[in-house]
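Undergrad: sequence and computational prediction follow.
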Amino acid sequence: MIEMDAATMTAVISAGTALVAVGLTNYFTKKREHEADWRKMKLERYREYILALSANVEERVTPEGQARYSDAVNSLQLVAPPSVLHALEAFIAHTSYRNPDKDINRHDGLLSALMREMRMNLRPSGHDDENLRFRLLGVPRPEAPR
């Protein structure tokens, strides 16, 4: 049987501990970097969705804007969790041209729910956004010539 003196045993244990520590540090660093990259990608997709939605407020609607909105919605399906997708689905159903019962208060309530879900998804340990209300801001209508 091989016997080690105390100094050799201490060196082996220290080296092993150092290797484990380096491995764990590397693992957790890579995990944090991956989570930050994922959060950044979600923020980019959420930002694009809001910009596309904003381009479709009242008199700003164009076929190009509608296509951009469709693309933004479709790309959200790649990164958004179920809570965001359910809120998005409810908002889209209400704002659909097929819905004859549109109501601005319901619209703003569904938009607020969607925005809160997006914000919560970006910072899950974040603040309480439950009371925040959101609405879309359009551009002023051009005045009729006098």
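TA: Happy to help now that I have it.

Undergrad: mind checking the SS state of the residue nearest the centre of the chain?
TA: Taking CA atoms, centre = their mean, the centroid of the chain lies closest to Lys42, which sits 4.2 Å from it. State at Lys42, reduced to three classes by DSSP: H, G, I helix; E, B strand; the rest coil: helix.

Undergrad: report the contact partners of it.
TA: Listed by CB atoms under 8 Å, 6 or more residues apart in numbering, the contact partners of Lys42 are 79-80, 121-122. Yep, even glycine has a C-beta here, placed from its N, CA and C like the rest.

Undergrad: swap in Leu122?
TA: 39, 42-43, 46.

Undergrad: give me the buried entries from the contacts of Lys42.
TA: For the contacts of Lys42, a neighbour count by 16 or more other CB atoms under 10 Å gives the buried set as 79-80, 121.

Undergrad: reformat those residues as JSON lines; add pLDDT, distance to Tyr27 and secondary structure.
TA: What follows is the buried ones among the contacts of Lys42, written out as JSON lines (pLDDT from 0 to 100; distance: CB to CB, whole Å; DSSP: H, G, I helix; E, B strand; the rest coil):
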{"residue": "Val79", "pLDDT": "93", "distance to Tyr27": "24", "secondary structure": "helix"}
{"residue": "Ala80", "pLDDT": "95", "distance to Tyr27": "27", "secondary structure": "coil"}
{"residue": "Asn121", "pLDDT": "90", "distance to Tyr27": "24", "secondary structure": "helix"}
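
Undergrad: distance between the helix or strand in which Met120 is found and the chain's centre?
TA: For Met120, the host element (DSSP states H and E) is helix 104-122. Counting by CA atoms, centre = their mean, to the nearest Å, helix 104-122 is centred 12 Å from the centre of its parent chain.

Undergrad: list the buried ones in that helix?
TA: Buried, per 16+ other CB under 10 Å, within helix 104-122: 109-121.

Undergrad: quick one: low-confidence parts of this protein?
TA: The model of the chain has pLDDT under 70 over residues 1-3, 124-129, 142, 144-146.

Undergrad: list the contacts of Val22.
TA: Contacts for Val22 (CB under 8 Å, 6+ apart) come out as none.

Undergrad: who's in contact with Arg32?
TA: Counting by CB under 8 Å, 6+ apart, Arg32 has no contacts.
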